[in-house]
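Engineer: 3D model of this:
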Amino acid sequence: MQQVRVRAEYAAHAHFEDEEIIEDPAWLPGEIERAMEVIRTLPTETFAEHFREYYDAVRDHTGERIDDDVQSVDRVRKHIYISADNEFVDSSETSIQYTDTSGETRVTVESATDPPSADRFVVTLPPLTIERDDFEFPESFQALVVSNLMCQIRDIYLNMGEEPPTEYQVEGIGKTTTLHDGLVSRPDG
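Structural biologist: Residues are numbered from 1 along each chain as shown. Here you go, the predicted structure:
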């Protein structure tokens, strides 16, 4: 039933362009493609300036950077903001979701203030064991962030019960919140 509802919303959104049926651009494949292209073409220096903290947090699977007793680091998020003209506007502070030693789920940054007139997209990765040669920062890590966005598009199609377009039939980490049936839930994944 979830797939039918989500697919119907997507079809209605595509048909009635003047209506914002799906308000969050992070759940529209065409919008994520915009963000993907902006990140792909972002100058290396700009990417490094905005994503170094995120890279370091993704590599820290012990939770050393958190001022709390950490049992496990679950996922690391960063919002990116893209203008209507497909320009990179800004990025948020890195947010780390973790489980503390009492079993409670916590986050290091509750919410960010979105810049006006910009669409928000989220890049979410679990903590990764990255050897120096695996993902050279910033170039290879920039490709990993683009890959995460590609996988999010894949997951949106799967969530609608459809086969993703060929270019999005990729392996990797996309949307991270799932329902009992393996489908991605909306809107906070």
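Engineer: Which residue ranges of this structure form strands?
Structural biologist: 70-83, 88-91, 95-100, 105-107, 118-125 (DSSP state E).
Engineer: got CSV for the ones you listed, with mean neighbour count, distance to residue 140 and mean pLDDT too?
Structural biologist: In this view, the C-beta of every residue, glycine as well, is placed from N, C-alpha and C. Output for these, formatted as CSV (neighbours: other CB atoms under 10 Å; distance: least, CB to CB, whole Å; pLDDT from 0 to 100):
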stretch, mean neighbour count, distance to residue 140, mean pLDDT
strand 70-83, 20, 17, 91
strand 88-91, 18, 19, 96
strand 95-100, 18, 22, 90
strand 105-107, 13, 27, 89
strand 118-125, 20, 13, 91
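Engineer: In TSV: those strands, plus distance to residue 138.
Structural biologist: Formatted as TSV, the strands of the chain follow (distance: least, CB to CB, whole Å):
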stretch	distance to residue 138
strand 70-83	14
strand 88-91	13
strand 95-100	20
strand 105-107	25
strand 118-125	14
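Engineer: Ok, which of these comes nearest residue 163?
Structural biologist: strand 118-125 (23.1 Å; CB to CB).
Engineer: Not counting that closest one itself, show me its contacts.
Structural biologist: Strand 118-125 has contacts (CB atoms under 8 Å, 6 or more residues apart in numbering) with 25-26, 31-32, 34-35, 54, 58, 75-84, 89-90, 114, 144-145, 148-149, 173, 175-176, 189.
Engineer: same thing but at 7 Å, please
Structural biologist: 25-26, 31-32, 35, 58, 75-83, 89, 114, 145, 148-149, 173, 176 (CB atoms under 7 Å, 6 or more residues apart in numbering).
Engineer: do the same with stretch 67-74
Structural biologist: Residues outside stretch 67-74 that contact it (CB under 7 Å, 6+ apart) are 60, 61, 63, 96, 97, 98, 99, 100, 101, 106, 127.
Engineer: Including distance to residue 157, could those residues go into CSV?
Structural biologist: Formatted as CSV, the contacts of stretch 67-74 follow (distance: CB to CB, whole Å):
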residue, distance to residue 157
60, 32
61, 30
63, 34
96, 29
97, 25
98, 30
99, 30
100, 35
101, 39
106, 32
127, 27
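Engineer: Endpoint to endpoint, stretch 103-123 covers what distance?
Structural biologist: Separation of the first and last residues of stretch 103-123 by CA to CA, to the nearest Å is 25 Å.
Engineer: Tell me what residue 100 is bridged to.
Structural biologist: Per DSSP bridges, the residues bridged to residue 100 are residue 70.
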